[in-house]
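[1] Generate a structure from the sequence data that follows.
(one chain, ligands or ions: 1)
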Amino acid sequence: MSDETIFSQILRKEIPCDEIYADKQCLAFRDIQPQAPIHILLIPRKAIRNLNTAKQEDTQLLGHLLLVSAKIAQQQGLSSWRTVINNGAEAGQTVFHLHIHIIGGRTLNWPPG
Ligand code: DGP
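    Prediction:
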């Protein structure tokens, strides 16, 4: 199965994005279809399809992504915010390159849909 997605093109800068943060391991940019005043996507540079295919060797990377999520939320001035990782089509995943949604700036309901 191909690892190629729209996020691969964003990582290669073939498609522009509203970049928020970048380092050697990951890139964050604003979601094109925001569900809240702040809606940022954080993606690893490594093409991992979703958490179902993440491996033991990705442990450091996955931890890094969570810590970067918190850094970004704080930089955005958020004290309450949510991370969402959709895994699989029935869970709402549409882009098959692992990504963390960082969502905030309004009251968030629970349970999610
Ligand atoms: P998910 O449904 O969890 O797979 O989330 C994919 C998200 O990616 C969705 O909220 C819309 C966003 N998205 C899709 N294509 C693009 C794009 O080209 N640019 C940006 N910034 N976001 C995109």
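
[2] in this protein, which helix has the most residues?
    Criterion DSSP state H: the longest helix present in the chain is helix 59-75.

[3] Which residues of the protein lie near the ligand?
    Residues of the chain lying close to the ligand (CB under 6 Å from any ligand atom) are 6, 15, 17, 29-33, 41, 86, 92-95. Quick note: C-beta positions are derived from backbone N, CA and C, even for glycine.

[4] Closest to residue 76 out of those residues?
    Within those, the smallest distance to residue 76 is 10.4 Å, found for residue 30 (CB to CB).

[5] Need the nearest residue in space to that closest one, chain neighbours excluded.
    Among residues not flanking residue 30 along the chain, residue 18 sits closest, at 4.1 Å (CB to CB, 6 or more residues apart in numbering).

[6] pLDDT score for the one you found?
    For residue 18, the model assigns a pLDDT of 98.

[7] How about the one 4 residues further on?
    Reported pLDDT at residue 22 in the predicted model: 98.

[8] Can you give me the distance of it to the ligand?
    The spacing between residue 22 and the ligand, counted by CB to the nearest ligand atom, to the nearest Å, is 14 Å.

[9] what's the burial count for that residue?
    When counting by other CB atoms under 10 Å, one arrives at 13 neighbours for residue 22.

[10] tell me the contacts of residue 61?
    Taking CB atoms under 8 Å, 6 or more residues apart in numbering as the definition of contact, the neighbours of residue 61 are 25-26, 44, 46.

[11] pLDDT on the lengthiest strand in the chain, on average?
    As assigned by DSSP state E, the longest strand anywhere in the chain is strand 38-44. Taken as a whole, strand 38-44 has an average pLDDT of 99.

[12] Next, the angle helix 59-75 makes with it.
    Here strand 38-44 runs at an angle of 160 degrees relative to helix 59-75 (axes from the mean of the first three to the mean of the last three CA atoms, to 10 degrees).

[13] Which elements pack onto strand 38-44?
    If contacts are counted by 3 or more CB pairs under 8 Å, 6 or more residues apart in numbering; DSSP states H and E, strand 38-44 sits against helix 6-11, strand 26-30, helix 59-75, strand 100-104.

[14] Tell me the helices and strands packed up against the last one.
    If you count contacts as 3+ CB pairs under 8 Å, 6+ apart, strand 100-104 packs onto strand 38-44, helix 59-75, strand 81-84.

[15] Having no further points to raise, I will conclude here.
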